[in-house]
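J.: 3D, please:
(one chain, ligands or ions: 1)
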Amino acid sequence: MVILATFWMSASASDVFYLLWFDTEDFIEPAADDAAMRLALELEKLGVRATFKIVGEKARMLEQRGRTDVIRALARHDIGYHAENHSIPPTPAVYLKPLGLLEGAEEFERREGQGVADIRRIFGVTPSCYGQPGSSWGPQSNLALRRMGIPVYMDEGSHIGLHDQPFWYGGILYCFRLNRNVVRAELDDERQALQARTQFDEALRRLRQAGGGVIQTYYHPTEFVTTEFWDAVNFSRGRFTAPSDYRRPKLRTKESMEKAYRLFFDFIRYVKASGVRFATGRDLPQLMEDPNQPVDVPAARKRFVEAIDIQGRNSAADVLLALLGFPPTYVDGPTIRVESTVRSTSIPRELFLRGKQDAISYIERHRRLPSHVWFGSERLSLADFAATLAGDDGGPAVSVRRGKLAFERHVNSDPEGAFQWIIHPEGFAAPELLELARLQAWTLKPAKLK
Ligand SMILES: [Zn+2]
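T.: As a prediction, the model looks like this:
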């Protein structure tokens, strides 16, 4: 058990924060254990705290191999979570694909919960954050992470994003799809490694001008000691390999390892000299404003009739909740998409108020938006209900409006490209997960630094 001192960080207007994280996942090659320890110890000497996102099986292997030295070195940094089994099939997107929001969340918790418990036991902390193996993402993980006490999603992927900066989604603080604000120094070539400095300077200047922001850099400790990925040689295209048949990845030469460390630490020293503020997954929630911000109802109402979208710091769900009279709070998006059956152009007021009251009751009961709202035996889709509610002028009948879901544009529309990963089965595509992602995007909004 290691007790880490946490320190309060508060941001000023043009602060740029820098996240350095390592996906600590290779449970096959023992040299990767030493790489993780060396990175942790040398960063500590530089006064830099990183986040090590650890795979459950990796944590257990460190324990089995008696590497308390590695565990202790990592625990002085921040500890995150990087899935129970990483690449052992089925990976998260594969098993989440046929499941809806609620069943998927239960399945994620069942399959990934053991690693969280093992990390608590081995490292003495609840992981500060989670990030998926490869591109194996699914929106059901958000509910499960909340139940597991993990408030931050820290990774890079293309499934969903907002202006290349952190955002709130599914009740979780996401540091994801930062695109041009992700900077990595190449580990094999001096000249290419230097390009990362130029890219870092550009990101820093751009974000300072914008009033602040977040830049992130990620590596895998195993990259510093191997020339091929440990999982690609054992689990490519979803193949199962029994532990007794594991093949070790090819190692770098001693010279090539030293070069990789040198190029990496040169880059980190450069970043440090810029005056950027290093932060970990555990620091992130404290750096951000409260996600539950009040809604300017009259202005929001007008814009909602035009398009159902993020409005400033409010998600579409925030706006809808405010129109229904809720105080600022979080609820999930709908679980399915249901079409409207109402054909008339207006709904009598009394019937409309019954439907509205029913929607409020549903949200209070489930802490989730309904997929549709009933008016007698006809229904409005959630989008049409939201637009109709926003356009209600108080007359004896309420005009029916069709809602335009503008926030869905922030979700990737390429169901194969979004899930491309050598470990996924050939041609794997998950349009179901992207559809669920769009439904949950009712909750999407920017995360603003304090
Ligand atoms: Zn990984």
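
J.: tell me how many other residues crowd the residue nearest to Leu444 when sequence neighbours are not counted.
T.: Nearest non-adjacent residue to Leu444, counting by Cβ to Cβ, 6 or more residues apart in numbering: Tyr169, 5.0 Å away. Heads up, the C-betas are built off the backbone N, CA and C, glycines and all. Using other Cβ atoms under 10 Å, Tyr169 has 27 other residues around it.

J.: what's opposite Tyr169 in the beta bridge?
T.: When assigned by DSSP bridges, Tyr169 has beta-bridge partners Ile172.

J.: begin at 735 from now on, thanks
T.: Taking 735 as the first residue, the last one we looked at is Tyr903.

J.: and it, what does it touch?
T.: Residues in contact with Tyr903 (Cβ atoms under 8 Å, 6 or more residues apart in numbering) are Asn876, Tyr887, Ile894, Gln1174, Ala1175, Thr1177, Leu1178.

J.: let's see that with 7 Å instead.
T.: Applying Cβ atoms under 7 Å, 6 or more residues apart in numbering, one finds that Tyr903 lies in contact with Asn876, Ile894, Gln1174, Thr1177, Leu1178.

J.: look up how far Ala1051 lies from the fourth one.
T.: Same thing as Thr1177. 5 Å (Cβ to Cβ, to the nearest Å).

J.: got it, and the last one?
T.: Remark: distance between Leu1178 and Ala1051 (Cβ to Cβ) = 9 Å.

J.: the two - which one has more neighbours?
T.: Ala1051 (29 against 26).

J.: how about residues contacting whichever strand or helix holds that one?
T.: In this structure, Ala1051 sits in helix 1050-1057 according to DSSP states H and E. With contacts defined as Cβ under 7 Å, 6+ apart, helix 1050-1057 is touched by 1029, 1031, 1034-1035, 1038, 1042-1045, 1062-1063, 1065, 1067, 1103, 1120, 1123-1124, 1141, 1176-1177.

J.: how far away from the center of its chain is the helix or strand that it is followed by?
T.: Using DSSP H and E, the helix or strand that directly follows helix 1050-1057 along the chain is strand 1080-1082. Centroid separation for strand 1080-1082 versus its chain: 41 Å, with Cα atoms, centre = their mean, to the nearest Å.

J.: strand 1080-1082: which residues count as buried?
T.: Ile1081 (16 or more other Cβ atoms under 10 Å).

J.: stretch 954-974 now?
T.: Using 16+ other Cβ under 10 Å as the test for burial, stretch 954-974 gives 954-960, 963-965, 967-970, 972.

J.: show me the domain layout of the protein.
T.: 750-1021, 1031-1063+1075-1135 (automatic domain parsing).

J.: out of those domains, which gets nearest to Asn1146?
T.: domain 750-1021 (5.1 Å; Cβ to Cβ).

J.: give me the distance between the two termini of stretch 1044-1058.
T.: 17 Å (Cα to Cα, to the nearest Å).

J.: how about the closest residue to the ion within the chain, secondary structure?
T.: Residue of the chain nearest the ion, by Cβ to the ion: Asp757 (3.9 Å). The three-state assignment at Asp757 reads strand, by DSSP: H, G, I helix; E, B strand; the rest coil.

J.: is it true that Val782 touches Phe999?
T.: No: with contact taken as Cβ atoms under 7 Å, Val782 and Phe999 are classed as non-touching, separated by 9.8 Å.

J.: buried set for stretch 778-792?
T.: Buried, per 16+ other Cβ under 10 Å, within stretch 778-792: Val782, Arg783, Ala784, Thr785, Phe786, Lys787, Ile788, Val789, Gly790, Glu791, Lys792.

J.: could you do stretch 761-781 as well?
T.: For stretch 761-781, by 16+ other Cβ under 10 Å, it's 761-763, 765-774, 777.

J.: over to stretch 1158-1170?
T.: For stretch 1158-1170, the buried set under the neighbour-count rule, 16+ other Cβ under 10 Å, comprises His1158, Pro1159, Phe1162, Ala1163, Ala1164, Glu1166, Leu1167, Leu1168, Glu1169, Leu1170.

J.: what does the pLDDT read for the third one?
T.: Looking at Phe1162, its pLDDT is 98.

J.: likewise for the last one?
T.: Among the per-residue scores, Leu1170 holds a pLDDT of 98.

J.: contact partners for the spatially closest residue to Tyr980 that is not a sequence neighbour?
T.: Excluding the flanking residues, the one nearest Tyr980 by Cβ to Cβ, 6+ apart is Ile762, at 5.0 Å. Residues near Ile762 by Cβ under 7 Å, 6+ apart: Trp964, Asn968, Tyr980, Arg982.

J.: I'd guessed the second one sits against Thr975; true?
T.: Yes: Asn968 lies in contact with Thr975 (Cβ under 7 Å); the separation is 4.5 Å.

J.: next, the residue most central in space within the chain: secondary structure please.
T.: Centroid-nearest residue in the chain, with Cα atoms, centre = their mean: Tyr887, separated by 3.4 Å. Assigned state for Tyr887: strand (three-state reduction, three-state DSSP).

J.: quick one: residues contacting it.
T.: Cys863, Tyr864, Gly865, Ile906, Tyr908, Cys909, Phe910.

J.: neighbours of the residue nearest to it when sequence neighbours are not counted, how many?
T.: Spatial nearest neighbour of Tyr887, excluding adjacent residues (Cβ to Cβ, 6+ apart): Tyr908 at 4.6 Å. When neighbours are defined as other Cβ under 10 Å, Tyr908 has 25 of them.

J.: ok, now Phe1109?
T.: Phe1109 has 23 nearby residues by other Cβ under 10 Å.

J.: list phi and psi for the nearest residue to it once chain neighbours are set aside.
T.: In this structure, Phe1109 finds its nearest non-sequential neighbour in Gly1089, 4.5 Å apart by Cβ to Cβ, 6+ apart. For Gly1089, the backbone dihedrals (degrees, to the nearest 10) come out as phi -60, psi -40.

J.: per-residue pLDDT of Gly1089, please?
T.: On the pLDDT scale, Gly1089 gets 98.

J.: wouldn't it be in contact with Ser1111 here?
T.: No: using Cβ under 7 Å, Gly1089 is not in contact with Ser1111, being 11.5 Å away.

J.: of those two, which one has the most company?
T.: Between Gly1089 and Ser1111, counted using other Cβ under 10 Å, Gly1089 has the larger neighbour count: 23 against 6.

J.: contact partners for that one?
T.: Contacts of Gly1089 (Cβ under 7 Å, 6+ apart): Val1107, Trp1108, Phe1109.

J.: could you rerun that using 10 Å?
T.: 1076, 1081, 1106-1110, 1112-1114, 1119, 1122-1123, 1132 (Cβ atoms under 10 Å, 6 or more residues apart in numbering).

J.: also Phe1001?
T.: Val917, Arg918, Ala919, Glu920, Leu921, Ala927, Leu928, Ala930, Arg931, Phe934, Thr951.
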